[in-house]
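> predicted model and sequence below, questions to follow.
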Amino acid sequence: MARFKHNARRNKKWGSAKPPVLKKQPPSVDHVTGSKIPKSFVFARGKLPGPLKQLELDLRKMMLPYTALKLKEKKRNTLKDFLNVAGPMGVTHFLILSNPKSVPHLRVARTPQGPTLTFEIHEYALAADIARSQSRPRCPQDLFKNSPLIVLSGFGAGGQHLKHLELMTIMFQNIFPTIDINTVKLASCQRIVLLNYNSEEKLIDFRHYSVRLQPVGVSRRIRKLVQNHQVPDLRNLQDVSDFVTKAGYGSESEPDEEAATVSLASDLDRVNRASTKSAVRLQEIGPRMSLRLVKIEEGLCSGGVIFTEFGKGDGEANTAEGEED
Amino acid sequence: MQADPNPMKRKRKPIKSKNPKKKKTTTKPSGAMAAVAEAKRRKPSKRMLKLFKKRAQNYHSDSDDDDEEEVVEEGRRGEATPSDGNDEDGSADSERGGGSEGDDEGDGEGGHRGGITRFDEGCRAFRVAFSKIMKRKLPNDALGPMLSAHKKLVVEKLVEEEAEHKAKGEAKKEKILQALEKGHVKLANFLDAKEKSLIKIATKGVVRLFNEVSKAQISQRGLNPSRTKVAKELAKQRKRTFSPELKKSSTQGHGDHLPFNSSKLSNSVEKENDDELGWAPLRDSYMLTSSKLKDWDKMPDPAASVGQDVFPMESSSSDEE
């Protein structure tokens, strides 16, 4: 009995053993579609001036959650170092910023030996600039929990089937993980990346939006009341019915209702309910860029040049090797 | 008992430590100071005053060095030379001044000479000072070598130079900043026409996606509660026909103005074909076209086209059974 007590005391003193905490690994294979989730590294080569460093951080944020947000790179790291790390971690794409001759460039490459697209950044604006220029910048907390959806436009314009456009399309589609329509939750589609190709200027506009759904058919006041839980000011009104039925004026930013209306599949939140009409409102977050394609290389920043904008050719792509991802 | 001697010592020590400098500094000038003090105290006698007046009249700066030296030596005996210039100009002079203390003043000639030597000492002092200036290398200053307002002018010039440097530095900084900010556009107008059109395009894409999703999911919801096995079959079929669908829709997508995740669309298109048939029990041909029950009216020729449709129905009907 004494022994029992002794043991009991020992256990109490030492406390119970905690179960080992398993760190949740980010998934490498999408459990729904069965395809590999693409992961990316965003880093810089060479010294970048201040705003470009900010741009790098913005790009990293945009690629969340399947990227290394706090990737630390040192001056002496070469491309090979990144490749070596990328293998075991399952990283499939590199986004490389550089600033040769004071012209910022962005290279999008697929590891380990995929093609490299080199873009010249014609203009850019930082996320901070955009937030500053908006009257109501919006950034909910779990905005970056899910990967963004990509919308490509203008790449097949004019019926031209230019190889470099095709390659760009495929590359950008594969950077972001695919979604399965049948099982995706609408609440998880919160960000949109738009790439619009302008064939006259050969510039690609890059924009990053956040999605907001607003119920349609509800007057503005009631909607605000429900969303903000603020008691309205009823001083000048005789009756509550005045408040409810008063026609409000439409603001300039009210969307084109017809084009933007969707019928929701499920309840999103208290306000947007299933099978009711809601309007899709986009608000810009994140960096804004205008890119011009300069070069496509076969290898990872090496190899034969498949396409070059300013080269000896007339800007047309040579017969591509069909670099499918 | 022990405390007494110690504090005494302590008292002395810090005093000692504090004052060595003072004592050292005071040793040297003490002689000169004492001499000066003494010299001041004993006013030159009336005789000496007359002598001084004479010498002042006869003063000639071009007198020989020898005379000066002789005179100087005698004068040293005479009196201290308290001239202020001596103390400043050279340590030699001050030493001499210090050394001449305590000499008798009664020596007339010496006194006489002493008066002259005062001036000679003064001359000597002037000579020494002048030679020093001549030795000193002049800075090639635009302001001139020895102006009384030299310091002020130097300060002004420095201020000018600093201002110039500042201006240049700022110009350089601006240039560098411009190079850095190349391409960085500060947004003036946020929502202009181009941005609005881009937002519209993106909105269209999103709307399309959401509509597809809603179609797929709502119909799926109708199917799913009772038809889990049907869903599995559908999934199998989807995978099988995935690749041909992808090829078909990818070419379709390029002709389309808005190719949007074409693989997803192919999925939905595929599914829709299936869904259009609706819920299995609601189909007219439910349980009628199973392999077991042969429908003698229908010929087996169109079996190839109906094959795809028949297959899931067969499995579902077999499930039902």
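Yep, that arrived.

> strands along chain A, start to end?
Taking DSSP state E as the test, the strands found in chain A are A:40-45, A:93-98, A:105-110, A:116-125, A:149-153, A:191-198, A:203-215, A:261-263, A:277-284, A:288-297, A:305-308.

> quick one: strands adjacent to the fifth one?
What it means is strand A:149-153. strand A:191-198 (parallel) (DSSP bridges).

> buried residues of the partner strand, list them for me.
Using 16 or more other C-beta atoms under 10 Å in any protein chain shown as the test for burial, strand A:191-198 gives A:191-197. (C-beta placed from N, C-alpha, C; glycine too.)

> so B:Ile199 sits against A:Arg281, correct?
No - judged on C-beta atoms under 8 Å, B:Ile199 makes no contact with A:Arg281 at a distance of 9.2 Å.

> about what we covered before: what is the nearest of the buried residues of strand A:191-198 to chain B?
Of all the buried residues of strand A:191-198, chain B sits closest to A:Leu194, with 4.3 Å by C-beta to the nearest C-beta.

> got any ranges where chain B has weak pLDDT?
B:1-44, B:61-122, B:137-149, B:179-191, B:223-321 (pLDDT under 70).

> revised request: answer the last question for the stretch 201-325 of chain A.
For the stretch 201-325 of chain A (pLDDT under 70), the answer is A:216-221, A:227, A:246-276, A:309-325.

> ok, A:Phe43 - how many residues close by?
Residues lying near A:Phe43 (other C-beta atoms under 10 Å in any protein chain shown) number 20.

> try the one 4 residues further on
A:Lys47 has 10 neighbouring residues, counting by other C-beta under 10 Å.

> quick one: the closest residue in space to it that isn't next to it in sequence from A:Gly46, how far?
Excluding the flanking residues, the one nearest A:Lys47 by C-beta to C-beta, 6 or more residues apart in numbering or on different chains is A:Asn99, at 7.3 Å. As judged by C-beta to C-beta, to the nearest Å, A:Asn99 and A:Gly46 stand 6 Å apart.

> okay, those two: which has more neighbours?
Set side by side, A:Asn99 and A:Gly46 show more neighbours around A:Asn99, with 19 against 11, by other C-beta under 10 Å.

> measure the more buried one to A:His164 for me?
24 Å.

> A:Ile204 now?
Going from A:Ile204 to A:His164 by C-beta to C-beta gives 11 Å.

> kindly report the same for A:Asn174.
Applying C-beta to C-beta, the value for A:Asn174 to A:His164 is 16 Å.

> likewise A:Lys36?
As judged by C-beta to C-beta, A:Lys36 and A:His164 stand 25 Å apart.

> okay, those two: which has more neighbours?
Using other C-beta under 10 Å as the criterion, A:Lys36 and A:His164 rank with A:His164 on top: 20 against 15.

> contacting residues around A:Phe206?
By C-beta atoms under 8 Å, 6 or more residues apart in numbering or on different chains, the contact set of A:Phe206 is A:193-195, A:287-291.

> for A:Val151, same thing?
Counted by C-beta under 8 Å, 6+ apart, A:Val151 has contacts A:192-195, B:201-202, B:205-206, B:258, B:260.

> 6 Å - rerun?
Applying C-beta atoms under 6 Å, 6 or more residues apart in numbering or on different chains, we find A:Val151 in contact with A:192, A:194, B:202, B:205.

> just give the number of residues close to the last one.
To tie it back to what came earlier, the one meant is B:Gly205. B:Gly205 has 22 neighbouring residues, counting by other C-beta under 10 Å.

> try the third one
Other residues near B:Ala202 number 25, with proximity taken as other C-beta under 10 Å.

> A:Leu282 versus that one, what's the distance?
6 Å.

> excluding chain neighbours, what is closest to A:Tyr66?
Among residues not flanking A:Tyr66 along the chain, A:Lys39 sits closest, at 4.5 Å (C-beta to C-beta, 6+ apart).

> in this structure the one you found contacts A:Val91, no?
Yes - A:Lys39 lies in contact with A:Val91 (C-beta atoms under 6 Å); the separation is 4.7 Å.

> and stretch A:205-212, which residues are buried?
A:205-211.

> same question for stretch A:143-156.
A:143-144, A:146-156.

> quick check: end-to-end length of that stretch?
Terminal residues of stretch A:143-156 are spaced 31 Å apart (C-alpha to C-alpha, to the nearest Å).

> and the stretch 51-200 of chain A, which of its residues are near chain B?
Taking C-beta under 6 Å from any C-beta of the partner chain as the measure of proximity, the stretch 51-200 of chain A contacts chain B at A:51, A:102, A:104, A:121, A:123-125, A:129, A:133, A:151, A:153, A:156, A:181-182, A:192, A:194, A:196.
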